[in-house]
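Participant: here are the coordinates; sequence isn't available:
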DNA sequence: GATCGATCTAAACAGTGTTAAGATAGATAA
DNA sequence: TTATCTATCTTAACACTGTTTAGATCGATC
């Protein structure tokens, strides 16, 4: 306010009510803004400046809290992995029997990816994150662990076999999700398209992990 | 050369021998430059200006041939799909029996991804490509078709079952490749890491597509 | 040999992430 | 209270990016 010539634009310096100026809520505001951008524009649409804009601060402000854009996105990715782990745990808890639990987890994994494509893509965009961040690695492992718990129950064999089966399960649902997001299994926009893709996934999971009595 | 004050930097305006000035080889030079960048820096490291720089032209030159960066990358992706399809065909042709062929294709798919990570990631980065390009869609379908040929031979069932099995196979190897590239199956840098990952893949494929006599 | 169309350059524009230096405000201590 | 300190945020700049417009240049065609 020391400058005499006030700019015409009233956009800048608008301490949003919820953001609070100088009150330590900026981290949360930036994370929320980033998640909103990812939800609206996808992973490629994220920019640090836009996140700062939405939080009502200057482009340089985020650096004091997250170092750089990778730091902020790493925090977003960590929360994404936590949400994914929760969804997987939730899906398994609603079913009885290891095979049913695994099937439900697979569906939940792809459902998460399709409903939060921006966050999901960012979670696996290592080059945009602080790849060696300990908390990120931990969150990722925790999500993978949700698979391993059920797999161990299902396979019951050696540790090596369980590791192989877990890699197989994760690969399948991750690959399906990625290919679906790139439109390789049909259009995504409509609700009908979404349901058709989930039906295809259901068949894929039944094909690869048939009921114990079934054969192929 | 009309300007009197020549810049100190001799970098600009160097019509590379192979690029040829005004001789119609610029498309190829730009594609080659782009592939080199992808090989060196990965998909996130690509910039249109750097590709133009390597081809010895101004930043605006590519637009006359490819419209924009997406156009150039689309051309690169098409060639990538063609190379991938060739690798899959090649792998299958060296084996006898549908299961062996499918296994070899899976290995070849991941091998392609790990040896050309930049190209591979770009091939599946729809938002950086002209997503509705007919030739791109065709090239992608042709690569997927290599899987379907073997799957049809292996499954032998209805068309729907073959479609399901093909989606399953593609998802598995694609997911494995993506997760491996993000370091989820261990470090990638060394030759030892590469071999360990391929061994894991071998086990995964044997687990999901066991020899017809085996059970699990 | 002049015209013409394809090809490329120069220059500018609106963006981007990041950094350095300085202003500001809340907390702490006298 | 007043003064100092520290965290927080802004301003301004820098080197980039992709894209566009207008103009220069070259090879081929009439």
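Facilitator: Happy to help now that I have it. Everything quoted here is computed from the prediction, not taken from an experiment. Numbers count the residues shown, from 1 in each chain, chains lettered A, B, ... in the order given.
Participant: contacts and neighbour counts: CA atoms only from here.
Facilitator: Noted.
Participant: near chain B at all, stretch A:182-190?
Facilitator: Yes: counting by C-alpha under 8 Å from any C-alpha of the partner chain, chain B has neighbours in stretch A:182-190: residue A:182.
Participant: report the distance from that stretch to the chain centre.
Facilitator: 19 Å (C-alpha atoms, centre = their mean, to the nearest Å).
Participant: which single residue in chain A comes nearest to chain B?
Facilitator: The minimum distance from chain A to chain B, using C-alpha to the nearest C-alpha, falls at residue A:175 (3.3 Å).
Participant: ok, now which ones touch that residue?
Facilitator: B:170-176, B:178 (C-alpha atoms under 8 Å, 6 or more residues apart in numbering or on different chains).
Participant: got it, and residue A:172?
Facilitator: Contacts of residue A:172 by C-alpha under 8 Å, 6+ apart are B:168, B:171-176.
Participant: what about it, which helix or strand?
Facilitator: helix A:159-181 (DSSP states H and E).
Participant: next one: residue A:79
Facilitator: helix A:69-93.
Participant: look up how far residue B:78 lies from the residue positioned nearest the centre of chain A.
Facilitator: With distances taken as C-alpha atoms, centre = their mean, residue A:120 lies nearest the centre of chain A, 3.3 Å away. According to C-alpha to C-alpha, to the nearest Å, residue A:120 stands 26 Å off from residue B:78.
Participant: ok, now residue A:202?
Facilitator: When residue A:202 is compared with residue B:78 (using C-alpha to C-alpha), they lie 31 Å apart.
Participant: what about these two, which has more around it?
Facilitator: Set residue A:202 next to residue B:78 and count neighbours by other C-alpha atoms under 10 Å in any protein chain shown: residue B:78 wins out with 19 against 16.
Participant: setting aside sequence neighbours, what's the nearest residue to that one?
Facilitator: residue B:136 (5.3 Å; C-alpha to C-alpha, 6 or more residues apart in numbering or on different chains).
Participant: helices along chain A, start to end?
Facilitator: A:26-41, A:48-55, A:61-66, A:69-93, A:98-115, A:117-123, A:134-155, A:159-181, A:191-208 (DSSP state H).
Participant: wait, does the shortest one contact DNA strand C?
Facilitator: It stands for helix A:61-66. Yes: against DNA strand C, helix A:61-66 shows contacts by C-alpha under 7 Å from any atom of the strand at residue A:63.
Participant: and that helix, what does it pack onto?
Facilitator: helix A:26-41, helix A:48-55, helix A:69-93 (3 or more C-alpha pairs under 8 Å, 6 or more residues apart in numbering or on different chains; DSSP states H and E).
Participant: residues making contact with that helix?
Facilitator: Contacts for helix A:61-66 (C-alpha under 8 Å, 6+ apart): A:27, A:30, A:48, A:52, A:68-69, A:72.
Participant: give me that answer again for 10 Å
Facilitator: A:24, A:26-27, A:30, A:48-49, A:51-52, A:55, A:67-69, A:71-75 (C-alpha atoms under 10 Å, 6 or more residues apart in numbering or on different chains).
Participant: one more: stretch A:80-88?
Facilitator: Counting contacts by C-alpha under 10 Å, 6+ apart, the residues touching stretch A:80-88 from outside are A:35, A:74, A:76-79, A:89-93, A:101-102, A:104-109, A:111-113, A:116, A:119-120, A:122-124, A:136-147.
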